[in-house]
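Undergrad: Generate a structure from the sequence data that follows.
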Amino acid sequence: MQWQQRVTFLCTLGLLALTVPCAAQATVGSRAPVISVTDLEGNAVQLPAAGRPALIEFWATWCEVCEQLFPRVVAAKKAFGSQVDFFGVNVTVNESKSRVKRWVAEHNPPYQTLYDDRGVGVRAYGAMVTSYVVIVDAKGVIRYTGSGGTQDLVAELAKVVPR
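TA: This next block holds a predicted model:
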């Protein structure tokens, strides 16, 4: 793991908060950073896409809280799948691309899986923990941030998706 990834991970865990400046967490009401992260085949993917709401989850295969949140992401995709872009940004800490590919093949997640091996997404959105979710409206404004396995993603998306 490169030193930048170690710093990002330690910041994510809050272990360097007093010695190294860490990225600030995304703020509700601010413009979402537009970033490019690679998918599992190495293709660049820009997120969020202009003009569409997006749900972005920062996750890892070993994250038990992400596992708890997974059915809620599935339910959100079922409710809003054609109206919202869903991205799962794997934080790549202690994860090989082949391990992530195996997990994706086994679990068929309801999002486009991205592999953030450079820590671009983690830094840009200040993802302090796995299971961290950011919801962006169609104008590119962050409307929700949260973490944990009991987030009500359907209710939060209902606030940004026109009915």
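Undergrad: buried ones in the longest helix along the chain?
TA: What stands out as the longest helix in the chain, according to DSSP state H, is helix 64-80. Residues of helix 64-80 classed as buried by neighbour count (16 or more other CB atoms under 10 Å): 65-66, 69-70, 72-74, 76-77, 80. C-beta: built from backbone N, CA, C; applies to glycine.
Undergrad: repeat for stretch 89-105
TA: Across stretch 89-105, burial judged by 16+ other CB under 10 Å covers 89-93, 95, 100, 103-104.
Undergrad: First-to-last residue distance for it?
TA: 16 Å (CA to CA, to the nearest Å).
Undergrad: Contacts for that stretch next, please.
TA: Contacts to stretch 89-105, defined as CB atoms under 8 Å, 6 or more residues apart in numbering, come from residues 1, 5, 9, 12, 37, 40, 56-62, 113-117, 119, 121-122, 127, 130.
Undergrad: Can you flag the buried ones in those residues?
TA: 5, 9, 12, 37, 56-61, 113-117, 119, 121-122, 127, 130.
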